[in-house]
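> how would this look folded up:
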Amino acid sequence: MAKIGNTIATLLVGAAAGIAVGYILATDKETRKEDLEKLKNGLSNLKDKFSNKAQDVEDQIYHS
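Next up is the predicted model:
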């Protein structure tokens, strides 16, 4: 059952990435630059959140 969940999650992530790439390529150069900058900032924020969560979990495990 877990394999099905992983497969569905992978398909959804792939579809979202495909939609994002298609949208970016379909827009004009000016809009594309703005959207790519927003995407970079958003990914950076997500990266920071996940690294903070990982650190919190590690702290909880070792300091419980």
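> Residue 59 versus residue 15, what's the distance?
Distance, residue 15 to residue 59, by Cβ to Cβ, to the nearest Å: 35 Å. For every residue, glycine as well, the C-beta is placed using N, CA and C.
> pLDDT of the helix or strand hosting residue 55, averaged?
Per DSSP states H and E: residue 55 is located in helix 29-62. Regarding helix 29-62, the rounded mean pLDDT is 81.
> Packing partners of it?
If you count contacts as 3 or more Cβ pairs under 8 Å, 6 or more residues apart in numbering; DSSP states H and E, helix 29-62 packs onto helix 2-26.
> and the helix it packs on, how far from the chain's centre?
How far helix 2-26 lies from its chain's middle: 11 Å, per Cα atoms, centre = their mean, to the nearest Å.
> Could you check the angle that helix makes with helix 29-62?
Put simply, helix 2-26 runs at 150 degrees to helix 29-62, going by axes from the mean of the first three to the mean of the last three Cα atoms, to 10 degrees.
> contacts for helix 2-26?
For helix 2-26, the external contacting residues (Cβ atoms under 8 Å, 6 or more residues apart in numbering) are 32, 35, 36, 39.
> pLDDT of that helix, averaged?
For helix 2-26, mean pLDDT is 82.
> centroid residue for the protein?
residue 43 (6.0 Å; Cα atoms, centre = their mean).
> That one: what's it in contact with?
Taking Cβ under 8 Å, 6+ apart as the definition, residue 43 has no contacts.
> Please work out how many residues are found near residue 27.
Neighbours of residue 27 under the rule other Cβ atoms under 10 Å: 14.
> Can you verify my assumption that it contacts residue 35?
Yes: Residue 27 is within contact range of residue 35, at 6.6 Å (criterion: Cβ atoms under 8 Å).
> Distance to residue 53 and neighbour count added to the contacts of helix 2-26, as JSON lines?
Formatted as JSON lines, those follow (distance: Cβ to Cβ, whole Å; neighbours: other Cβ atoms under 10 Å):
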{"residue": "32", "distance to residue 53": "31", "neighbour count": "14"}
{"residue": "35", "distance to residue 53": "27", "neighbour count": "14"}
{"residue": "36", "distance to residue 53": "26", "neighbour count": "12"}
{"residue": "39", "distance to residue 53": "21", "neighbour count": "12"}
